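Chemist: here's a sequence, model it:
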Amino acid sequence: MTDLFGQDAPQAPAAAPDSDAPLADRLRPATLGEVVGQEHLTGPQGAIGRMVAAGRLSSMILWGPPGTGKTSIARLLADAVGMRYAAISAVFSGVGDLKQAFAEAEKMAKAGRKTLLFVDEIHRFNRAQQDGFLPFVERGVVTLVGATTENPSFALNAALLSRAQVLILNRLDEAALSALLAKAESLEGPLPLTASAREALIAQADGDGRFLLGQAETLYAAGLSDPLDPGALGQFLQRRVAVYDKDRDGHYNLISALHKAVRGSDPQAALYWLARMLTAGEEPLFLARRLVRMAVEDIGMADPHALPQCMAAMEAYRFLGSPEGELALVQACIYLATAPKSNAAYLAQKAAWKAAKATGSLAPPANILNAPTKLMKEIGYGAGYTYDHNAADGFSGDNYWPEGMAAEAFYAPVDRGFEREVKKRLDYWDKLRRTRG
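Modeler: Numbering: from 1, shown residues only. This next block holds a predicted model:
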């Protein structure tokens with residue numbers, strides 16, 4: 001007996017894949033213990049391991065990169081605790097499919113059988129559709145297991161997140177990918193690769209187990225007689241395209257890494273993250289704008305040339321285009337990473353904005369008010385103003401703060417780079433101000 005999604009309603013053992021099924025299907029784990037690379041979740045001390053040991057599952061969101069075992073874990077969870085397994089994909093399903101799934105689950109619940117509902121790509125459901133899960137999850141009609149490659153904080157409703165644990169799956173490391181290849185070789189025989197080419201194949205998979213097994217299947221199908229070295233492997237197989245969505249989590253993580261590497265004065269790491277974004281297809285002018293932001297936020301007056309360097313790099317890119325113009329961005333990136341750092345201007349802006357909002361409509365002192373008419377002069381506008389160029393040292397020391405507000409220090413230059421000289425000037429003027437006060 002099967003439900004409307006073709007899943008076994010009674011928890012019958014899954015049929016073995018056909019001999020001509022894709023290698024990834026034939027190597028699907030049969031138990032949670034066979035899932036590679038996620039032992040922090042599936043092991044005895046992991047969240048999933050503990051739930052299975054207790055025989056009770058809570059709703060959960062499995063968040064991780066492609067090819068890390070989310071679908072396999074969901075299927076095996078149902079087997080492990082004896083629940084009925086139903087699966088839908090948010091890519092191909094709508095409200096009608098969800099209603100049918102919940103109706104079937106309620107019918108099975110009345111018969112004493114609980115349902116684990118696996119929702120692949122759950123982030124693709126809109127907010128209203130996600131809200132539709134809530135009453136059925138709350139009443140225990142289904143135990144929801146959602147899978148997503150997107151950050152749940154941004155992609156899922158807060159109400160849904162409050163009713164489910166978020167479990168993070170790791171990108172598969174070299175050991176996990178090697179274990180997958182070993183399983184493939186135990187089934188299909190040794191791969192036609194030298195030892196170094198085997199290492200290169202694992203590196204090219206970029207943490208994606210499904211992609212790795214697909215590449216291995218291509219090698220087996222080719223019927224190669226001689227082992228390939230890394231160079232020949234590179235010509236034979238296409239390298240996996242890096243996972244990078246320009247408006248999603250990967251985008252923000254990489255730009256954060258670039259910004260922090262620049263701020264941390266590590267030009268080598270900064271160049272790496274810049275290259276990661278550009279080679280993945282990031283819009284170069286987005287990066288140019290971020291470099292400008294770094295120049296004013298993290299360097300500022302410590303090196304006043306940083307900002308014109310970045311503006312020039314942006315104009316150079318606009319003039320040259322890709323790929324030649326990208327060298328200008330590289331130069332600006334190196335300049336920023338190697339420049340002295342100061343966020344004094346950034347902190348000064350925040351402090352000044354806060355004071356401006358707090359003090360409301362205080363008027364400037366009379367001595368610096370504009371007095372273009374006779375009447376304004378008669379009522380005291382501009383009275384007592386000292387023209388600084390006529391004062392000794394070109395500095396009058398006048399009061400420029402509104403009445404009712406004490407002078408504040410928003411800008412505090414650091415003792416690095418050009419700001420060291422700025423600090424000397426401010427100290428000198430403060431001394432003169434006190435002397436003439």
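
Chemist: let me know how buried E121 is, in neighbour terms.
Modeler: E121 has 19 neighbours, counted by other C-beta atoms under 10 Å. C-beta coordinates here come from the backbone N, C-alpha and C atoms, glycine included.

Chemist: any idea how far the nearest residue to it once chain neighbours are set aside lies from A147?
Modeler: Excluding the flanking residues, the one nearest E121 by C-beta to C-beta, 6 or more residues apart in numbering is A90, at 4.5 Å. Distance, A90 to A147, by C-beta to C-beta, to the nearest Å: 9 Å.

Chemist: just give me the neighbour total for the residue nearest to E121.
Modeler: A90: 21 surrounding residues under other C-beta under 10 Å.

Chemist: my guess is it contacts N126. True?
Modeler: No: using C-beta atoms under 8 Å as the test, A90 is too far from N126 to be in contact (9.4 Å).

Chemist: identify the contacts common to A90 and A147.
Modeler: 119-122 (C-beta atoms under 8 Å, 6 or more residues apart in numbering).

Chemist: enumerate every residue touching the nearest residue to S322 once chain neighbours are set aside.
Modeler: Of all residues not flanking S322 in the chain, P284 sits nearest, at 6.3 Å (C-beta to C-beta, 6+ apart). P284 makes contacts with 278, 317, 322, 325-326, 329, as judged by C-beta under 8 Å, 6+ apart.

Chemist: can you list these in TSV and add distance to F211, secondary structure and neighbour count?
Modeler: Below are the contacts of P284 laid out as TSV (distance: C-beta to C-beta, whole Å; DSSP: H, G, I helix; E, B strand; the rest coil; neighbours: other C-beta atoms under 10 Å):
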residue	distance to F211	secondary structure	neighbour count
L278	22	helix	17
Y317	33	helix	21
S322	27	coil	9
G325	32	coil	19
E326	28	helix	21
L329	30	helix	22
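
Chemist: return the set of buried residues in the helix ranked longest in the chain.
Modeler: Selection of the longest helix in the chain by residue count, based on DSSP state H, yields helix 419-436. Under the neighbour-count criterion of 16 or more other C-beta atoms under 10 Å, helix 419-436 has 419, 422-423, 432 buried.

Chemist: now do the phi/psi pair for L274.
Modeler: phi -60, psi -40 (degrees, to the nearest 10).

Chemist: residues near it, how many?
Modeler: 28.

Chemist: list the contacts of it.
Modeler: The contact partners of L274, by C-beta under 8 Å, 6+ apart, come to 258, 287, 329-330, 333.

Chemist: contacts for the lowest-mean-pLDDT helix or strand in the chain?
Modeler: Within the chain, no helix or strand scores below helix 374-378, which has a mean of 83 by mean pLDDT, DSSP states H and E. For helix 374-378, contacts defined as C-beta under 8 Å, 6+ apart pick out 369-371, 382-383.

Chemist: stretch 25-35 now?
Modeler: With C-beta under 8 Å, 6+ apart, stretch 25-35 has contacts from 17, 19, 36, 42, 48-49, 52, 69, 72-73, 76-77, 79-80, 180, 183-184, 187, 213.

Chemist: fine by me, thanks again.
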